[in-house]
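Colleague: mind folding the following:
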Amino acid sequence: MPDEIPTPASADVVVVGAGQAGLAVAAHLERSGFVPAAPTAAAPTSDGRPTYVVLDAAAGPGGAWRERWPGLTMRTVNGVYELPGRPLPAFDADEPASRALTRYFGSYERDLGLAVRRPVEVRRVRDVDGPGGLLAVETEETERVPAPAPDPDDGLGGGVGACRAEAATARRRVTRTWHARALVNATGTWTRPFWPTYPGAASFAGIQRHTHDYRSPEEFAGRRVVVVGGGISAVQHLLAIHPVAASTTWVTRRPPDWRDAEFSPELGREAVTRVDDRTRAGLPPQSIVAATGLPLTDAYRDGIARGVLVARPMFARLVPDGAEWDEPAARGPLADGWVTGPEHVEADAVLWATGFRAALDHLRPLGLRGSGGGIVMDGTRVVADPRVQLVGYGPSASTVGANRAGRAAVRQVRRYLGV
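Modeller: Residues are numbered from 1 along each chain as shown. Just a heads-up that it's a prediction; the model follows:
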């Protein structure tokens, strides 16, 4: 069990998550005169200046990028945008994105001296004094503490134990509750992979993986692979896996939405606007990729021409040795963008590239969701609770909207706190 820290810490603003959106918020807080909060109530005060802290569950910088598969390189990664005030460096196109962007994020944190504490897991956020009062942010984290000094006469002779104890530290898991006047949630989606439910999935005899757990195409070497999903991850997986697999079959819920245009900031902003309309109505947010479609790059055109990036409708069910379609979905006629095929396809692997959902379980005690299934938003502000800002949610759930959302969230926080 974690040790209990009896005295809560406090900050005017707690930011949860240190991916692109969280770092953008931290940078704009610093620019607005906020200073790092002390981790304990007994630590020095901030001389009256507003305080903030960023709590991040990861072991190091990089946000979700640090978890991406090694084969995702800076050449193939989609739509990376710079952090506020820090242009992207000239990356080696063949360097894994997980390494390049972790380095970029880490240098940004260090150079700006951002108040990021990690690894800290936020367990839940609740009211302290009812709506409009303080928020209690309950956490667990690992701290280094001085280790008990061994007995100098420990049987090793000559005081060896005393010498060994000079710089000894130990790790302990502790709980801490931060009291905050406002909270900016920037936890993104990576920790909540979405696994859809289809008949027969439990009886399928092969392996099943999600993009979240995908590491390399070699895991699928010699296998008959069904890739599920209509986004860029599915397309990238197919192109990587096809050369080593025995066969690949691509299935999607809707026909692939190919767009004969390179991804651009203008296209991204249009997509952000469409997703924003949904969150203002309190509907579950659509992904940015669903709004932008799939760009017809040269590599994707080649994949289509070779028959790799050719999709079938979703199967009706999985069976122990593969997937089955009902006759109309197999024989057609079908919507433009899908192809017909056999009613049964043998497979011994399914890769679910079916996206992610917003990681908001820790906010459940605040009761933010409305009757539409989503959270009613006004920009980054939660309409039901103005103490709470969501970045990395809905229109800012990509690098396209994260920086702008960070600036907007800090503007809302300052207005709410009157600073």
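Colleague: switch to C-alpha atoms for all contacts and neighbour counts from now on
Modeller: Will do.
Colleague: can I get the CA coordinates of stretch 349-361 in CSV?
Modeller: The C-alpha coordinates for stretch 349-361 follow below in CSV (Å, rounded to 0.1, in the frame of the first residue of the first chain):
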residue,chain,number,x,y,z
ALA,A,349,-4.3,-12.6,-36.6
VAL,A,350,-6.5,-9.6,-36.2
LEU,A,351,-5.0,-6.1,-35.8
TRP,A,352,-7.6,-3.6,-34.4
ALA,A,353,-6.7,-0.1,-35.6
THR,A,354,-9.9,1.1,-34.2
GLY,A,355,-8.8,4.2,-32.4
PHE,A,356,-9.0,5.5,-28.9
ARG,A,357,-11.4,7.2,-26.5
ALA,A,358,-10.8,10.2,-24.3
ALA,A,359,-9.1,9.2,-21.0
LEU,A,360,-11.5,11.0,-18.6
ASP,A,361,-12.4,8.3,-16.0
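Colleague: where's it relative to the chain centroid, distance-wise?
Modeller: Relative to its chain's centre, stretch 349-361 lies at 11 Å (C-alpha atoms, centre = their mean, to the nearest Å).
Colleague: ok, residues contacting that stretch?
Modeller: Contact with stretch 349-361 is made by 124, 187-196, 206-211, 220, 223-231, 233-234, 393, as judged by C-alpha atoms under 8 Å, 6 or more residues apart in numbering.
Colleague: at 6 Å what do you get?
Modeller: Stretch 349-361 is contacted by residues 188-189, 192-194, 206-211, 225-229, 234 when judged by C-alpha atoms under 6 Å, 6 or more residues apart in numbering.
Colleague: any buried residues in the longest helix anywhere in the chain, and which?
Modeller: Of all the segments of type helix in the chain, defined by DSSP state H, the longest one is helix 399-417. For helix 399-417, a neighbour-count test (16 or more other C-alpha atoms under 10 Å) marks 399-413 as buried.
Colleague: now that helix: mean pLDDT?
Modeller: What helix 399-417 shows for mean pLDDT is 89.
Colleague: can you pull out the helices in the protein?
Modeller: Assigned by DSSP H, the chain shows helices spanning 20-31, 97-112, 160-164, 232-241, 265-280, 288-292, 298-305, 327-331, 399-417.
Colleague: wait, which of the ones you listed is closest to G60?
Modeller: Nearest of those to G60, taken as C-alpha to C-alpha: helix 97-112 at 7.9 Å.
Colleague: and the angle for that closest one with helix 20-31?
Modeller: 10 degrees (axes from the mean of the first three to the mean of the last three C-alpha atoms, to 10 degrees).
Colleague: what does helix 97-112 contact?
Modeller: Helix 97-112 is contacted by residues 61-62, 65-66, 68, 72-74 when judged by C-alpha under 6 Å, 6+ apart.
Colleague: chain center to it: distance?
Modeller: A distance of 16 Å separates the centroid of the chain from that of helix 97-112, by C-alpha atoms, centre = their mean.
Colleague: what of stretch 271-279?
Modeller: Chain-centre distance of stretch 271-279: 19 Å, with C-alpha atoms, centre = their mean.
Colleague: can you give me the buried ones in that stretch?
Modeller: Of the residues in stretch 271-279, 271-272, 274-279 count as buried by neighbour count, 16+ other C-alpha under 10 Å.
Colleague: hmm, back to that, pLDDT and distance to W178 added to the contacts of helix 97-112, as CSV?
Modeller: CSV is the format used below for those (pLDDT from 0 to 100; distance: C-alpha to C-alpha, whole Å):
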residue, pLDDT, distance to W178
P61, 96, 22
G62, 95, 24
W65, 93, 27
R66, 93, 27
R68, 92, 31
L72, 91, 37
T73, 92, 38
M74, 93, 38
